[in-house]
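1. build me a model:
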Amino acid sequence: MSATKKRKLEHVEIAVKKDVQFKKSAGFSEIELVHNSLPELDFSKIDASANFLGKMLSAPLVLEAMTGGYPEGGKINRKLAEVAEKEGIALGLGSQRAMIEDSSLAKTYSVRDVAPTIPIIGNIGAYQLKKYPMQKIESMVSAIKADALAVHLNPLQEIIQPEGDRDYSGILEAIEKACSFLSVPVIVKETGCGISRNVAERLKSAGVKYLDIAGAGGTSWSAIEYARGEGVTGFCEWGIPTVASVIANRDVLPLIASGGLRSGIDAAKSIALGASFAGAAQPFLHAYSKNKLSEEVKLWKEQFAVCMFLTGSRNVESLKKAKIFIPSSIREYASQL
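-> So this is what the prediction gives:
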């Protein structure tokens, strides 16, 4: 087994079997949607649909990037794709670095045959984006018929990872090239440390179309790397909490709120905060491991719709204007980003 395949397998096993969650909060438990005792709505007529990458979703939800590049990862991706297609939500794939290194592994990411109508988001690390020719990146995207490419930023993980890539210079230039060259929109996503306002504005100037916040408060990738091997200790709690990062960047670019969302209620809070979409990986990976993925997705959609009802939100645009209580400490944190 190659080093990349071995690492991907270890990541999933650790995420499922060990406690690698942040101790600090993403912020969702501190904020509250304001209850509307007189919603004046027929629940059966609530419309949670949203347009993403030119395709309609039944709710603004994304099954976030998890895995790929080894046989079990391929099985996971196909099941995620099947459920996402059935439920009408978007799907993000794990890093496709493995299929660049070994083209035979493309099949572990190729799920368009079971998900013909939903948005599918390809994925590559920022370091690999810089390393490989743009033609190769375009071929990687085309091979899986992706609707967009997510470029993931993971400087903390690379520093902690024993075999990590530590030269993070030239990343913004590579992202700008990708935005100009590729046939699909570029999404930039973090991997559990959030995105500051300054970084968001630089990415917008580079041509990025969406930001996936992936803030602190969910799975700690430094904790996962600590579980794999040696690394400079002390960084399990490093990062910008998701809620603060969403607030800081909600007027920069369309946002996918991710990082520590654990329910459809958190997803609804994300939209009310100013995100356009909400995503998660850990809850759905755990549900997959228990053969309850479909039930978990349905629950999130039901919870999301109930939140819309209880805030008097007829559609997603209305939910974006719903009243939400945000503690002054979180507002202050966000203002300094």
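2. mind listing the strands for the stretch 151-300 of the chain?
-> Secondary structure of the stretch 151-300 of the chain, counting by DSSP state E, counting those that start in this stretch: strands at 186-189, 210-212, 255-257, 277-280.
3. out of those, nearest to Leu203?
-> Taking CB to CB, strand 186-189 is the member of the strands of the stretch 151-300 of the chain nearest to Leu203, at 5.1 Å. C-beta: built from backbone N, CA, C; applies to glycine.
4. which other helices and strands contact the closest one?
-> With contacts defined as 3 or more CB pairs under 8 Å, 6 or more residues apart in numbering; DSSP states H and E, strand 186-189 has these neighbours: strand 148-152, helix 171-181, strand 210-212.
5. let me know which of these is the nearest to Glu138.
-> Judging the helices and strands packed on strand 186-189 by CB to CB, what sits closest to Glu138 is helix 171-181, at 6.9 Å.
6. so what touches that closest one?
-> 126-127, 129-130, 134, 137-138, 149, 151, 153, 186, 188, 202-203, 206-209 (CB atoms under 8 Å, 6 or more residues apart in numbering).
7. got the buried residues for stretch 234-242?
-> 235-236, 238-242 (16 or more other CB atoms under 10 Å).
8. please convert the residues you listed to JSON lines, extending it with pLDDT and distance to Ala257.
-> JSON lines is the format used below for these (pLDDT from 0 to 100; distance: CB to CB, whole Å):
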{"residue": "Phe235", "pLDDT": "92", "distance to Ala257": "23"}
{"residue": "Cys236", "pLDDT": "91", "distance to Ala257": "22"}
{"residue": "Trp238", "pLDDT": "96", "distance to Ala257": "19"}
{"residue": "Gly239", "pLDDT": "97", "distance to Ala257": "15"}
{"residue": "Ile240", "pLDDT": "98", "distance to Ala257": "13"}
{"residue": "Pro241", "pLDDT": "98", "distance to Ala257": "11"}
{"residue": "Thr242", "pLDDT": "98", "distance to Ala257": "6"}
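9. looking at the residues you listed, which are in helices?
-> In helices, judged by DSSP state H, the following of those are found: Thr242.
10. name the nearest of the buried residues of stretch 234-242 relative to Ser222.
-> Phe235 (4.6 Å).
11. now the closest residue to Asp251 other than its chain neighbours: how far from Ala248?
-> Closest residue to Asp251 apart from its sequence neighbours, by CB to CB, 6 or more residues apart in numbering: Gly274 at 7.4 Å. Counting by CB to CB, to the nearest Å, the gap from Gly274 to Ala248 is 10 Å.
12. the more surrounded of those two?
-> Ala248 (23 against 17; other CB atoms under 10 Å).
13. just give me the neighbour total for the nearest residue to that one once chain neighbours are set aside.
-> Closest residue in space to Ala248, ignoring its immediate chain neighbours: Leu337 at 4.0 Å, by CB to CB, 6+ apart. Here the count is done by other CB under 10 Å, and Leu337 has 17 residues near it.
14. isn't Leu337 up against Ala244?
-> Yes - if you go by CB atoms under 8 Å, Leu337 and Ala244 touch, sitting 6.5 Å apart.
15. how about Tyr333, what does it touch?
-> Counted by CB under 8 Å, 6+ apart, Tyr333 has contacts 241, 244.
16. could you look up the SS state of it?
-> helix (DSSP: H, G, I helix; E, B strand; the rest coil).
17. now do it against Gly215, distance only.
-> Using CB to CB, Tyr333 is found at 11 Å from Gly215.
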